[in-house]
Structures are given as C-alpha cells and as structure tokens.
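Trainee: sharing a model that was predicted from the sequence below.
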Amino acid sequence: MPGGRLTQQERQQIALGLADGLAYAQIARRLERPTSTVTREVMRNGGPTAYRADLAHRATEHRAHRRRQAAPRGAHAPQQADGRDAEAVREYEETLTTVFMQSGTPKMMSRVLACLLTNDAGRLTASELAQRLQVSPASISKAVAFLESQGLVRRERDERRRERYVVDDDVWYQSMMASVRGTNSVAETARQGIGILGPDTPAAARLENVARFLEFVSESIARAANQAREVLHTKPGPAPDDAAGPGSDG
C-alpha cells in the first residue's frame with residue numbers, strides 16, 4: 001500500500017470517483033490507500049460536491065509550505081514535550097475532525113472538539129484554542145456556543161477566573177441526553193400533526209410511524225446512557241475477602 005502524501009494524479013482519481021458516485025472506500029481501494037486518507041482529503045477540500053483536484057493540490061502545497069516555514073531549521077520528525085510525534089498527533093486530529101464533520105458537525109466546531117479531546121487536560125481557554133487552531137477568538141466563541149448547545153462542551157472557571165471549555169465523561173452523557181430531548185421534541189410534534197391532518201389519512205399514518213420510531217429510539221438511548229454512566233462511573237468495591245476484614249476467618 002503506498003504511503004506519503006497524495007499526488008496530483010491521485011487527487012484527479014478521487015475527483016473522478018466522486019463524479020461517478022463512488023463511496024470513499026471504493027475510491028480508496030482503487031488508489032490502494034486507507035479510506036480515512038480519502039475521507040480526510042475530500043472533507044478538508046470542500047466535501048464530495050465541491051471537491052476539485054487542482055484546488056485541493058494547491059491548498060495542500062500551501063499548507064505544507066506554511067508548516068515548513070513554521071518549523072525550526074533542521075527539524076525532523078518533531079517531538080512534543082511529552083515525547084509524542086507532533087506530526088502524527090496533527091494527522092490524528094485531522095482524522096478525528098473529519099469523522100465529526102461526516103456526522104454532521106460543522107468544520108470549526110469539529111476542529112474545536114477534536115482539539116479539546118486530544119488535549120490531556122481536556123480543558124482549554126478561548127485564547128488557548130485560538131492559538132492552537134490559528135483562528136480568531138470570534139470563531140472559537142461561535143464554535144463553543146454550538147458545541148455547548150449540543151451538550152458536547154461545558155464551561156468552568158479556573159483559579160484566575162478565566163473561562164475554560166471542558167470535555168469529560170459527563171459531557172458525553174449530557175450530550176446523549178440532549179439528543180434524547182431533541183428526538184422527543186420531534187416525536188411530540190409529529191403526534192400533534194396526527195389530529196390536525198386527520199387520523200385516517202396517509203399523512204397522519206406517516207407521522208404516527210415517525211413518532212413511534214423516534215420514541216422507541218430515544219427511550220433506548222436514554223436507557224443505555226444511564227446504564228453506561230452507572231457502570232463507568234461506579235468505582236469497584238472491595239473484593240469479598242477484603243470486605244470480611246482481618247481475622248474474620250476464625
């Protein structure tokens with residue numbers, strides 16, 4: 001399987017595959033590349049409907065030039081302070097961002113979420129996020145507001161009263177429950193239409209099916225989220241032998 005960066009010819013093959021309606025996995029097999037490579041390439045260059053090979057190639061060359069200018073002379077395989085390969089971490093953040101974008105999260109919101117998740121502390125200030133992502137504070141504010149509305153980020157104050165944005169285990173639970181509330185709202189609205197459209201009409205029957213489906217899904221998600229939270233957040237108790245205490249076997 002070839003490695004390294006995509007060539008201009010490979011990008012042209014990607015564009016042709018998209019025009020033919022092929023899935024990312026099919027295009028990747030043609031190129032003998034990982035599916036994640038093709039997915040990331042398309043998503044970071046306009047998406048499947050706007051991807052152009054020539055523009056994507058120029059954009060990649062521009063990004064590579066900027067990184068070379070930013071890197072210290074003689075640097076090779078840069079290492080972070082914690083010993084991680086900085087280039088590998090950057091590539092992983094891009095992959096994670098792409099996955100979030102595929103799930104429907106806008107690009108900047110996906111970048112902020114990926115940045116928070118790959119930070120060991122799981123919490124950063126707006127200025128730290130802006131510096132890491134090289135974007136304006138206004139972009140960070142807009143992204144965080146969206147993520148907060150989805151229950152994916154919460155705010156806290158540090159010892160200097162600075163606002164920090166946090167992702168942790170409870171955030172994912174809250175996000176699932178926010179999704180449940182949204183799904184229930186759609187189901188309730190669908191049920192309201194049944195009486196308005198008439199219970200014996202095809203449209204009302206369709207709305208009834210929508211409501212039943214969404215109610216079942218939301219109940220299942222809520223039950224699973226609560227069970228997962230209970231299991232994952234419960235500390236294991238002492239082993240039976242330990243619970244008996246010393247000298248209890250006499």
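Mentor: Right, received. Where do you want to start?
Trainee: distance from the chain centre to stretch 104-118, please.
Mentor: 6 Å (C-alpha atoms, centre = their mean, to the nearest Å).
Trainee: and the residue nearest to V153 when sequence neighbours are not counted, which helix or strand is it part of?
Mentor: Leaving aside its sequence neighbours, V153 sits nearest to L147 (C-beta to C-beta, 6 or more residues apart in numbering; 4.1 Å). In this view, the C-beta of every residue, glycine as well, is placed from N, C-alpha and C. Assessed by DSSP states H and E, L147 sits inside helix 137-149.
Trainee: next, the buried residues of that helix.
Mentor: 139-140, 143-144, 146-147 (16 or more other C-beta atoms under 10 Å).
Trainee: M108 - how many residues pack around it?
Mentor: For M108, the neighbour count with other C-beta atoms under 10 Å is 18.
Trainee: the one 10 residues further on too?
Mentor: Look at T118: counted by other C-beta under 10 Å, it has 15 neighbours.
Trainee: could you check how far it is from E32?
Mentor: In this view, T118 and E32 are 28 Å apart by C-beta to C-beta, to the nearest Å.
Trainee: likewise for M109?
Mentor: 33 Å.
Trainee: quick check, distance from stretch 15-29 to the centre of its chain.
Mentor: Computed by C-alpha atoms, centre = their mean, the chain-centroid distance of stretch 15-29 equals 23 Å.
Trainee: where do the helices sit along the chain?
Mentor: 8-19, 24-31, 35-43, 53-70, 86-102, 107-117, 126-133, 137-149, 169-197, 202-233, 240-244 (DSSP state H).
Trainee: just the pLDDT for K107.
Mentor: You'll see K107 listed with a pLDDT of 89.
Trainee: and for the closest residue to it other than its chain neighbours, the neighbour number?
Mentor: Using C-beta to C-beta, 6+ apart and skipping the chain neighbours, the partner closest in space to K107 is M101 (5.8 Å). Applying other C-beta under 10 Å, we find 20 residues neighbouring M101.
Trainee: now do L55
Mentor: L55 is flanked by 14 other residues according to other C-beta under 10 Å.
Trainee: just the one 3 residues further on next, same as before
Mentor: One way to gauge burial is a neighbour count; for R58, by other C-beta under 10 Å, it gives 13.
Trainee: list the contacts for it?
Mentor: Contact analysis of R58 by C-beta atoms under 8 Å, 6 or more residues apart in numbering lists nothing.
Trainee: could you check how far it is from R52?
Mentor: From R58 to R52 the distance is 10 Å (C-beta to C-beta).
Trainee: enumerate every residue touching the residue sitting nearest the centre point of the chain.
Mentor: Relative to the mean C-alpha position of the chain, the nearest C-alpha, by C-alpha atoms, centre = their mean, is the one of F100, at 3.1 Å. For F100, the contact set (C-beta under 8 Å, 6+ apart) comprises 109-110, 113-114.
Trainee: could you measure from it over to Q227?
Mentor: In terms of C-beta to C-beta, F100 sits 25 Å off from Q227.
Trainee: pull the helix or strand with minimum mean pLDDT from this protein.
Mentor: Least confident helix or strand, the chain: helix 240-244 with a mean of 53, by mean pLDDT, DSSP states H and E.
Trainee: sorry, back to before: nearest to R155 among the buried residues of helix 137-149?
Mentor: V144 (8.0 Å; C-beta to C-beta).
Trainee: pull the contacting residues for that closest one.
Mentor: 112, 126, 129, 153, 165.
Trainee: surely the second one meets S139?
Mentor: I take that to be A126. No: assessed by C-beta atoms under 8 Å, A126 is found out of contact with S139, at 9.9 Å.
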